[in-house]
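K.L.:
From the sequence below, what's the structure:
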Amino acid sequence: EINHNAANWFMIPKSDCIISNNVTDEKISDISDNKYVKNVIYGNWYISVPIKPAEKDCKLDFSNVAVASYSNCSNEAAGINYTKGRGPENQKEIALSYKLIKNSGYEVGDYIDLKIGDKNTSYLITGINTGMMNGGMDVILTTDEIKRCNIEFDKSIFVILNNPDDYKAFKADINDSFGD
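P.N.:
Numbers count the residues shown, from 1 in each chain. Model prediction:
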């Protein structure tokens with residue numbers, strides 16, 4: 001049960017292995033095409049990004065928020081649970097943690113004006129997640145949105161294998177291809 005819940009608690013996509021060394025777009029593509037791989041999600045579970053409400057009367061405090069960003073934030077692909085709604089699928093969409101949104105007056109389907117990085121944007125709140133990063137103060141954005149906001153971040157690759165028993169063969173393939 002802990003293995004199932006840990007991904008939700010820390011907003012880390014479910015996976016059979018994680019690759020976090022020298023991740024490039026080429027490496028993501030090559031690993032996605034590997035014969036042992038069923039699915040790949042890339043991103044980062046903790047990006048240090050200043051978030052500020054663009055509205056003066058906003059009741060949300062973003063001063064201590066953890067930002068997670070993935071290429072696919074859906075429950076089906078990433079295994080991240082949403083108590084309401086869904087994960088962000090597009091730019092200008094955001095999921096907020098239950099602790100962050102409670103008592104704020106905001107709900108799934110509302111728009112919230114935020115400054116993330118150097119961009120002022122009206123974000124559609126697509127879902128409420130159950131993460132516990134930073135004491136439950138977290139948001140989820142797509143990697144495309146993080147890039148749009150001109151934020152640099154280190155990527156990790158979260159790999160789901162066709163068959164978890166092929167882990168050793170997959171690892172050998174990756175070591176042969178990349179040597180790291």
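K.L.:
Packing partners of the longest helix seen in the chain?
P.N.:
Among the elements of the chain assigned as helix by DSSP state H, the one spanning the most residues is helix 167-178. Here helix 167-178 touches strand 17-19, helix 25-32, strand 156-161, going by 3 or more Cβ pairs under 8 Å, 6 or more residues apart in numbering; DSSP states H and E. For every residue, glycine as well, the C-beta is placed using N, CA and C.
K.L.:
same thing but at 10 Å, please
P.N.:
Contacts defined by 3 or more Cβ pairs under 10 Å, 6 or more residues apart in numbering; DSSP states H and E place helix 167-178 against strand 17-19, helix 25-32, strand 37-47, strand 156-161.
K.L.:
Name the residues of the longest one that come out as buried.
P.N.:
Residues 37, 39, 40, 41, 42, 43, 44, 45, 46, 47 are the ones in strand 37-47 that count as buried (16 or more other Cβ atoms under 10 Å).
K.L.:
try the second one
P.N.:
By neighbour count, and taking 16+ other Cβ under 10 Å as the criterion, the buried residues in helix 25-32 are 27, 28, 31.
K.L.:
just stretch 111-124 next, same as before
P.N.:
For stretch 111-124, the neighbour count (16+ other Cβ under 10 Å) marks 112, 114, 116, 117, 121, 123 as buried.
K.L.:
burial of residue 148, as a residue count?
P.N.:
With neighbours defined by other Cβ atoms under 10 Å, the count for residue 148 comes to 16.
K.L.:
Give me the nearest residue to it, chain neighbours excluded.
P.N.:
residue 91 (5.3 Å; Cβ to Cβ, 6 or more residues apart in numbering).
K.L.:
And for that neighbour, the neighbour number?
P.N.:
The burial count for residue 91: 16, using other Cβ under 10 Å.
K.L.:
wait, isn't it in contact with residue 141?
P.N.:
Yes. Between residue 91 and residue 141 a contact is recorded at 8.7 Å, counting by Cβ atoms under 10 Å.
K.L.:
Can you check which residues contact both of these two?
P.N.:
123, 148, 149 (Cβ atoms under 10 Å, 6 or more residues apart in numbering).
K.L.:
which among the buried residues of helix 25-32 gets closest to residue 103?
P.N.:
Ranked by distance to residue 103 (Cβ to Cβ), the buried residues of helix 25-32 are led by residue 28 at 39.2 Å.
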